[in-house]
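In: The following block contains a protein sequence and its predicted model.
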Amino acid sequence: MPVPTPLFRDVKRGFDRVAQDFDGADFVHRATFDGLLERLAPLLIEPSRILDLGCATGLGSLKLARHYRKSTVVGLDASRGMLRQATARRSFTFKPALLEADARNIPLADHSIDLVFANLLLPWIDDLASCLAEVARVLRKGGVFAFASFGPDSLAELRDAWQSVDDEAHVAEFADMHDIGDAIVRAGLRDPVLDVDYLNVTYKEPAALYRDLTACGARNRLRERRRSLTGKDRFSAMEKQLAKRMTDNVLSLKLELVFGHAWGGGDGSGQRAGEVRIDPRSITKRRIER
């Protein structure tokens, strides 16, 4: 059983704090949710049991239940605050099972799930191998693991602004698409298909960006982060660097969105460690604006 790490406890507390206001700032989650459903449509699957892994306030679970009307949805999240919001969303026609648990230790039987849906969960997991191994364990043979995550180009503008001020860790370094694909195969899932979209988000002032990052729980929780206060001088210097990147008084930030799916029942045989096989024709890049 995985031992809760300081990062896990920090992330859990952070999402507990923002749960009540999360839906007001989750536009990225909504965009990636729609992108995942769009990519699942050609698979023509009819899952009987769905695991919404990292279900947050349960909005995605509700949408999954409406999209796959014959399915039973199980929502899992580590944040008790998020699950309280998900519980409040229950109705006569929508009664998902809700589990408070670590995604690295899923309390479900082997091969009991037809679709594991993980919308922006992976960026918060500090042990990706354990999480994917659990996904492979609970997924039935022929079931589907669908996920959305952030790629390394995400928030590059904010990362560069901080790096011009100091050498501390302020913005996460997100996993590359090919590294995620490699980890999926090593976990025992098969035939991964991944692609990348770009979402451009604009702000009229940096303060609006900070409010969104705070409201959706995306504060700096890096293990390498500075534990003392950043200080007004350094923060002001960073803001000046961001201001230089504004065009027509608009700050534009890029999010690299990694989408993927894989099938249950594979064992990764025939591939060497560090190797992932992905059809180059399946790797596309599109740009969407908000």
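Out: Noted; the coordinates are in hand. Just so it is clear, the model here is predicted, and its values are computed rather than measured.

In: Tell me which stretches of the stretch 151-290 of the chain form strands.
Out: Using DSSP state E, counting those that start in this stretch, the strands of the stretch 151-290 of the chain run over 190-203, 251-263, 285-289.

In: Out of the ones you listed, the one nearest Glu38 is which?
Out: Taking Cβ to Cβ, strand 251-263 is the member of the strands of the stretch 151-290 of the chain nearest to Glu38, at 8.8 Å. (Glycine included, C-beta is placed from N, CA and C.)

In: re earlier: point out the most buried one among the strands of the stretch 151-290 of the chain.
Out: Across the strands of the stretch 151-290 of the chain, averaging neighbours per residue (mean count of other Cβ atoms under 10 Å) puts strand 251-263 on top, at a mean of 20.

In: between that one and strand 190-203, how many degrees?
Out: Interaxial angle of strand 251-263 relative to strand 190-203 (axes from the mean of the first three to the mean of the last three Cα atoms, to 10 degrees): 160 degrees.

In: so how far is strand 251-263 from its chain's centroid?
Out: 9 Å (Cα atoms, centre = their mean, to the nearest Å).

In: Packing partners of that strand?
Out: Where contact means 3 or more Cβ pairs under 8 Å, 6 or more residues apart in numbering; DSSP states H and E, strand 251-263 is packed against helix 27-40, strand 139-150, helix 156-163, helix 177-186, strand 190-203, helix 206-215.

In: Looking at these, which is nearest to Leu251?
Out: strand 190-203 (4.6 Å).

In: Show me what the closest one is packed against.
Out: helix 27-40, helix 177-186, strand 251-263, strand 285-289.

In: export the helices and strands packed on strand 251-263 to TSV and tack on mean pLDDT and distance to Leu59?
Out: Listed next are the helices and strands packed on strand 251-263 as TSV, based on pLDDT from 0 to 100; distance: least, Cβ to Cβ, whole Å:
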stretch	mean pLDDT	distance to Leu59
helix 27-40	95	8
strand 139-150	96	15
helix 156-163	78	26
helix 177-186	93	24
strand 190-203	92	18
helix 206-215	80	15
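
In: Same list (those) but as TSV, adding distance to Phe94.
Out: Formatted as TSV, the helices and strands packed on strand 251-263 follow (distance: least, Cβ to Cβ, whole Å):
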stretch	distance to Phe94
helix 27-40	16
strand 139-150	20
helix 156-163	37
helix 177-186	30
strand 190-203	28
helix 206-215	25
